[in-house]
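Provide a 3D model corresponding to the input given below.
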Amino acid sequence: EVNWQINLQEKFGEDTLSWDLGTSPVFAGGHIVIAVMQEGASYVVALKPEDGGVAWKVDRTFPVEKESGQAYTTPYLTTIEGRETLVIWGADHLTGHDPKNGERLWTCGGFNPEDKPMWRVIASPAFSDGIAVVPYGRAKFTAAVRLGTRGDITSSARLWERTDIGADCPSPVASGGRVYLVSDRGKIHCLDIHTGKDLWVDAIPRASTNYYSSPILAGDLLYCAREDGVVAVVRVSGTGMELLSSNDMGESIIAAPVPVRDRLLLRGAEHIFCLGAR
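Residues are numbered from 1 along each chain as shown. Presented below is the predicted three-dimensional model:
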């Protein structure tokens, strides 16, 4: 039974995204929050879960070159300096918002100093130890930002930047001071989140298809789904990785795996798979 539905394009205008809306909604501040980042007017809107009414809507438009304002990233809810904060990445800026009313608490720029066009972003940042690791520049750059304080934190919050690695589609994942950056071709960089230095570099066996799905870390197991439906299970540590298995699900997979309790959910082109012990 459908309780309610809303069409954001009918209510707030057609989106200008090349590949339509790619972000996922998140629960934050008691609301369902959706970020629409595109060329022209961009916004973040919070809907009431009981009836779909608009709780708040704030502008998130930055002056950028063609296509650089388009983002397919998902907001991330975290606690920074004791305050619940919604972190949003897109249009060459990382921003922190109060999830109760959408107020912008801080802004970090500097991710496109030459103001280049066509720098749309797909991969969302990874978070650990109060740090966001942000891939950008079409898989050519990765930077780390210390989250917090107020206002413009561009010059004060940047911890490090790499100009030799990145990820275009798969979002990196972080835990325990380490970041796992998986490229579209399955190369893995394990980084120290505080310094950006490689702890190790390895790769999942390659194929003709890419990794569009984001890797998921459950304990010390990294699940990586390739477009052709092969899911690799990799045991990771601070010193290296071990490929435990490679499983062909028989259909294309682009969505990220989802660990739920002691189960793993996989969404393929035609089926949802639930994996786990009975």
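
please make it C-alpha for all contacts and neighbour counts, starting now.
Noted.

can you give me how far the least confident helix or strand in the chain by mean pLDDT is from the chain middle?
Taking mean pLDDT, DSSP states H and E as the measure, the helix or strand of the chain with the lowest value is strand 258-260, at a mean of 91. Distance of strand 258-260 from its chain centroid, counting by C-alpha atoms, centre = their mean, to the nearest Å, is 16 Å.

in that strand, what's buried?
Buried residues in strand 258-260, defined by neighbour count with 16 or more other C-alpha atoms under 10 Å: 258-259.

what's in contact with that strand?
216, 218, 264-266 (C-alpha atoms under 8 Å, 6 or more residues apart in numbering).

now with 6 Å, please.
264-265 (C-alpha atoms under 6 Å, 6 or more residues apart in numbering).

next: stretch 129-142.
If you take C-alpha under 6 Å, 6+ apart as the criterion, stretch 129-142 is touched by 119, 125-126, 143-147, 161-168.

now do the buried residues in it.
Residues of stretch 129-142 classed as buried under the neighbour-count rule (16+ other C-alpha under 10 Å) are 131-139, 141-142.

now Pro99. Nearest residue, chain neighbours left out?
In space, and not counting its chain neighbours, Pro99 is closest to Gly29: 4.8 Å by C-alpha to C-alpha, 6 or more residues apart in numbering.

would you mind measuring from that neighbour to Gly151?
21 Å (C-alpha to C-alpha, to the nearest Å).

same check, this time on Ile80
From Ile80 to Gly151 the distance is 14 Å (C-alpha to C-alpha).

higher neighbour count, the two?
Applying other C-alpha atoms under 10 Å to Ile80 and Gly151 shows that Ile80 carries more neighbours, namely 17 against 13.

going along the chain, name the helices of this structure.
8-12, 154-157 (DSSP state H).

any idea how many residues pack against Ile6?
Ile6, neighbours per other C-alpha under 10 Å, totals 11.

can you get me a residue count around the spatially closest residue to it that is not a sequence neighbour?
Distances taken as C-alpha to C-alpha, 6+ apart place Gly52 nearest to Ile6, at 6.9 Å, with adjacent residues excluded. Residues lying near Gly52 (other C-alpha under 10 Å) number 15.
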